[in-house]
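Engineer: the amino acid sequence is not available; the structure is as follows:
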């Protein structure tokens, strides 16, 4: 159900590591500091979000059904939801975060570009990074549409099954 999570966690851990490394201590200088290359290099790996996003509605439905039908699971989820470390957010609020990640990266890069001068050394790389992240967003959205179309075809096929016997 969430088989993509380890890969997503690894990509984001790497992004965090590279950003922390670049921004730590007195090394960061906004006048000539660069971040665009980090996003540019990791953008291809963000396509793996498509698998998570395609499966999101189904996974949410399975979680919901199990909360309703499986008392031990419901108790576990209730206990986790009450954990103060989760800041009062239910499980579903955390499950949607990966779905929102690519659009948020895109908005972050748009904001960085808006606040980066045309003569800044990172300008061109930020533009390329934004273009790549936008491509990833399109890829993820197209994957979702393709998945939904396949699901609809399966439903049509199921409804037609047995008509030849009438």
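Structural biologist: Noted; the coordinates are in hand. Keep in mind that this is a model prediction, so the values were computed, not measured.
Engineer: any chance you could map the helices in this protein?
Structural biologist: 5-23, 36-42, 49-69, 71-81, 91-95, 97-114, 123-160 (DSSP state H).
Engineer: can you redo these as JSON lines with mean neighbour count?
Structural biologist: Any C-beta I mention is one placed from the backbone N, CA and C, and that applies to glycine too. Putting the helices of the chain into JSON lines (neighbours: other Cβ atoms under 10 Å) gives the following:
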{"stretch": "helix 5-23", "mean neighbour count": "13"}
{"stretch": "helix 36-42", "mean neighbour count": "19"}
{"stretch": "helix 49-69", "mean neighbour count": "15"}
{"stretch": "helix 71-81", "mean neighbour count": "12"}
{"stretch": "helix 91-95", "mean neighbour count": "14"}
{"stretch": "helix 97-114", "mean neighbour count": "15"}
{"stretch": "helix 123-160", "mean neighbour count": "14"}
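Engineer: now these as JSON lines including mean pLDDT and distance to residue 29?
Structural biologist: As requested, the helices of the chain are arranged in JSON lines below (pLDDT from 0 to 100; distance: least, Cβ to Cβ, whole Å):
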{"stretch": "helix 5-23", "mean pLDDT": "92", "distance to residue 29": "10"}
{"stretch": "helix 36-42", "mean pLDDT": "95", "distance to residue 29": "15"}
{"stretch": "helix 49-69", "mean pLDDT": "88", "distance to residue 29": "32"}
{"stretch": "helix 71-81", "mean pLDDT": "93", "distance to residue 29": "42"}
{"stretch": "helix 91-95", "mean pLDDT": "87", "distance to residue 29": "35"}
{"stretch": "helix 97-114", "mean pLDDT": "92", "distance to residue 29": "15"}
{"stretch": "helix 123-160", "mean pLDDT": "83", "distance to residue 29": "15"}
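Engineer: using a markdown table, lay out these together with distance to residue 30.
Structural biologist: Formatted as a markdown table, these follow (distance: least, Cβ to Cβ, whole Å):
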| stretch | distance to residue 30 |
| --- | --- |
| helix 5-23 | 10 |
| helix 36-42 | 14 |
| helix 49-69 | 29 |
| helix 71-81 | 40 |
| helix 91-95 | 32 |
| helix 97-114 | 11 |
| helix 123-160 | 13 |
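Engineer: ok, the residue nearest to residue 101 when sequence neighbours are not counted - contacts?
Structural biologist: In space, and not counting its chain neighbours, residue 101 is closest to residue 49: 6.4 Å by Cβ to Cβ, 6 or more residues apart in numbering. Neighbouring residues of residue 49 by Cβ atoms under 8 Å, 6 or more residues apart in numbering: 4, 8, 98, 101-102, 136, 140.
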